[in-house]
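Novice: Structure of the sequence below:
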Amino acid sequence: MSKLIESAEKFVFDLFKNELDQSFIYHNFTHTERVLRSVREIIENTDINKSDAEILEFAALLHDTGYTKTNEGHEEESVKIATAFLKENNVDDKTIEAINECIMATKFKDLPKTYLGKVIRDADASHFGKKYFNEASEFLRKELEIQGIANYTPTEWENENIKVLTKKHEFYTDYALKNWLPRKEKNLSKLIKSKKKRTSKLKTEELKAKYKAQYKNESPERGIQTFYRVALRNHIKLSDIADTKANILLSVNAIIISLVLANLISKLDNNAYLIYPTAIFTLSCVISMILSIIATRPNITSGEFTKEDVANKDVNLTFFGNFHKMSLKEYDWAVKELLKDKDYVYSSLTKDLYFLGKVLERKYRILRVTYTIFMIGMIVSVLSFAIALKTNGAKLEDVLPDEADSISQVINLKQHQLVKNE
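Specialist: Take a look at the predicted model:
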């Protein structure tokens, strides 16, 4: 009979090699060998006669051959394959029936009814009480995932294993209870510890995330920094706009004065009635230029400070005008002293923001006056020219046939730029 068992082993190996789908990474020949070893381990340490031992070995080899046909109900298919093989090798019907009973006893949902059924059942689930439990368990999880039967995350599979080991599985034979149960309990203990560790880590991460979000929402630091950042950015942007407005006024007025000096002044000897309109026109442009220059003229401070100023928090180190004459070593020391005191930092930013606001107020106030003067000057100049020409019965084209168009174009250009900038 030992030769027949060897033939059965070769038969199962070839069957799995040729017909078993590659997705069976757990229920394959490796699993069959492990079950066979576990059966022989029980046989060697238990009073089982030779005939029953051979029945168990046949059952261990043939119990999963049905997976080559189907997944659901593979035990029934295994019985059919085993029966065909055993009959071909002239095994008697009584032995075949006993082997088939053992194969059907491997159904996990049913309780084994015979002693041999308990042996094969313990051998089939022996990995629960072995060191290679984690490896076998992971192969089973991946097999279920690949075949689309179930897709467990590592955490879910850990919980499923704990559930199986505590509620669904038990060893039936005395040998398994004495020798495999302790290892099963050890494997279960590792799973429970791993679950606790994972749960604790998850809770810690959740608390960290919660307190971090709460800190961000409740901490005034974030709001303070946002306030200074936005306020300073807005002040700088407004300062750029003011400078742009002043530059437009300077450019346009410079062009107008150039035209007046080059063309209109030389015509006044023969057209004395245009002296006053020309003077008003030129004066409004000159005043606008002067005010534009005043609005954009930089104001540099002393650029020096003392250690007493830093100690008394009287110097604003964020503005270059307060330190441009100091050495790098002195400025580096002062900044380090500044950063030691959070209130001093905020105080410096507040001063910077305040004085930027003062500069902006001055720029926009002067620019408003400049725009008003230029606007009034243009209106008064145009009216003066109109009155002077009407009174003397002349036209601007008669006095300045070429220059009139140029002045008109310049005035229109300036008005367009001012409207666009506004």
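Novice: list the buried ones in stretch 92-108?
Specialist: Neighbour counts using 16 or more other CB atoms under 10 Å place 96, 98-107 of stretch 92-108 among the buried residues. C-beta here means a position set from N, CA and C on the backbone, and glycine is covered the same way.
Novice: Stretch 252-262 now?
Specialist: 252-253, 255-257, 259-260.
Novice: returning to that earlier point: is it possible to get TSV of the buried residues of stretch 92-108 that adds pLDDT and distance to residue 68?
Specialist: Formatted as TSV, the entries for these read as follows, by pLDDT from 0 to 100; distance: CB to CB, whole Å:
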residue	pLDDT	distance to residue 68
96	92	19
98	93	23
99	93	18
100	93	17
101	93	21
102	93	19
103	93	14
104	93	18
105	92	20
106	92	16
107	89	18
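Novice: was I right about residue 141 contacting residue 151?
Specialist: No - applying CB atoms under 8 Å, one finds residue 141 not in contact with residue 151, separated by 9.1 Å.
Novice: These two: which is more packed in?
Specialist: The neighbour count for residue 141 versus residue 151, taken as other CB atoms under 10 Å, is higher for residue 141 (22 against 11).
Novice: From the buried residues of stretch 252-262, pick the one nearest residue 80.
Specialist: Distance from residue 80 was checked for each of the buried residues of stretch 252-262 by CB to CB. The minimum falls on residue 252, at 102.5 Å.
Novice: Among the buried residues of stretch 252-262, show me the least confident.
Specialist: When the buried residues of stretch 252-262 are compared by pLDDT, residue 260 scores lowest at 77.
Novice: Please report the distance of that one from residue 382.
Specialist: 14 Å (CB to CB, to the nearest Å).
Novice: go on, residue 155?
Specialist: Counting by CB to CB - residue 155 and residue 382 are separated by 84 Å.
Novice: Quick check: which ranges of the stretch 151-300 of the chain have low pLDDT?
Specialist: For the stretch 151-300 of the chain, the stretches flagged by pLDDT under 70 are 210-220, 266-267, 269, 300.
Novice: Mind doing that once more with 90?
Specialist: Applying pLDDT under 90 to the stretch 151-300 of the chain flags the ranges 153-155, 167-168, 194-286, 288-300.
Novice: Would you map the helices across it?
Specialist: Along the stretch 151-300 of the chain, the segments classed as helices by DSSP state H, counting those that start in this stretch run 154-163, 174-179, 181-218, 220-259, 275-296.
Novice: In CSV: those helices, plus distance to residue 7.
Specialist: Formatted as CSV, those follow (distance: least, CB to CB, whole Å):
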stretch, distance to residue 7
helix 154-163, 37
helix 174-179, 28
helix 181-218, 33
helix 220-259, 78
helix 275-296, 104
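Novice: Between those, which one is closest to residue 114.
Specialist: When these are compared for distance to residue 114 using CB to CB, the nearest one is helix 174-179, at 15.3 Å.
Novice: Farthest pair within the buried residues of stretch 252-262?
Specialist: 252 and 260 (12.7 Å).
Novice: circling back to that earlier point, so which of the helices of the stretch 151-300 of the chain comes closest to residue 342?
Specialist: Counting by CB to CB, residue 342 lies closest to helix 220-259 out of the helices of the stretch 151-300 of the chain; the figure is 9.0 Å.
Novice: how distant is that closest one from the center of its chain?
Specialist: Offset of helix 220-259 from its chain centre (CA atoms, centre = their mean, to the nearest Å): 36 Å.
Novice: could you check the angle helix 181-218 makes with that helix?
Specialist: 40 degrees (axes from the mean of the first three to the mean of the last three CA atoms, to 10 degrees).
Novice: Only the buried residues of helix 220-259, if you could.
Specialist: If you call a residue buried by 16+ other CB under 10 Å, then helix 220-259 has these buried ones: 231, 235, 238-239, 242, 245-246, 248-250, 252-253, 255-257, 259.
Novice: With stretch 110-122 instead?
Specialist: Neighbour counts using 16+ other CB under 10 Å place 112, 116-122 of stretch 110-122 among the buried residues.
Novice: I'd like the domain boundaries of this protein, if you could list them.
Specialist: The record's domain parsing of the chain by automatic domain parsing lists 2-208, 220-421.
Novice: Just say which of these is most tucked in.
Specialist: domain 2-208 (a mean of 17; mean count of other CB atoms under 10 Å).
Novice: what's the spacing between it and its chain's center?
Specialist: Domain 2-208 has its average C-alpha position 44 Å from the chain's average C-alpha position, going by CA atoms, centre = their mean.
Novice: mind checking the end-to-end distance for that domain?
Specialist: Its first and final residues considered, domain 2-208 spans 64 Å by CA to CA, to the nearest Å.
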